[in-house]
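Q: sequence-free structure coming up:
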């Protein structure tokens, strides 16, 4: 037997994500807020889609439906900063310092920006273009631990200087 007293179950779904993307795309691309009226109207449409797709006895057991809006570019830039701080902590624990320029942060945010998939592409972008490259350099003995690694961006991508 399972006791679900004092338990919160969080379920996620991409059901209706196409509606959210269609309605919010323009405001997000312009870096602005989505009007509350648009949010409410879209939420109502998503709830109707849920009602048409899921059985009423299942829907009746759901206490609340929370609809998230896609991430804006500014929010993605904040996520890049948070993720890079965790990379910085990991490196500093190994005696390695690094500096990421504003241009590099912008490049990572742009390369990892996908309003359809949220923050996951940012993490993959940092893994692929920062962590993997740094790891190869460290293992190859190319990193001078007495000097910080400087990560910058050009038109071709990220550059690493040590």
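A: Right, received. Where do you want to start? Note that the structure is predicted; figures quoted are calculated from it, not measured. Numbering: from 1, shown residues only.

Q: what sits up against the helix or strand bottoming out on mean pLDDT in the chain?
A: Here the helix or strand of the chain ranked lowest by mean pLDDT, DSSP states H and E is helix 17-29, holding a mean of 80. Helix 17-29 has contacts (Cβ atoms under 8 Å, 6 or more residues apart in numbering) with 33-35, 38, 41-42, 45-46, 49, 67, 69-73, 115-116. Every C-beta, even on glycine, is put in place using the N, C-alpha and C of the backbone.

Q: in that helix, which residues are buried?
A: 17, 19, 20, 23, 24, 27, 28 (16 or more other Cβ atoms under 10 Å).

Q: could you dump those to JSON lines with distance to residue 111?
A: JSON lines is the format used below for those (distance: Cβ to Cβ, whole Å):
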{"residue": "17", "distance to residue 111": "22"}
{"residue": "19", "distance to residue 111": "27"}
{"residue": "20", "distance to residue 111": "23"}
{"residue": "23", "distance to residue 111": "26"}
{"residue": "24", "distance to residue 111": "22"}
{"residue": "27", "distance to residue 111": "22"}
{"residue": "28", "distance to residue 111": "17"}
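
Q: now the two most distant members of these.
A: 17 and 27 (16.0 Å; Cβ to Cβ).

Q: could you point out the longest helix in the chain?
A: helix 73-92 (DSSP state H).

Q: packing partners of it?
A: strand 98-100, helix 102-111, helix 120-126 (3 or more Cβ pairs under 8 Å, 6 or more residues apart in numbering; DSSP states H and E).

Q: centre of the chain versus it, how much separation?
A: 11 Å (Cα atoms, centre = their mean, to the nearest Å).

Q: pLDDT on it, on average?
A: Mean pLDDT, helix 73-92: 94.

Q: mean confidence for stretch 126-145?
A: Per-region confidence: stretch 126-145 scores 96 on mean pLDDT.

Q: any buried residues in the longest helix of the chain, and which?
A: In helix 73-92, counting by 16+ other Cβ under 10 Å, buried: 73, 75, 76, 77, 79, 80, 83, 84, 87, 91.
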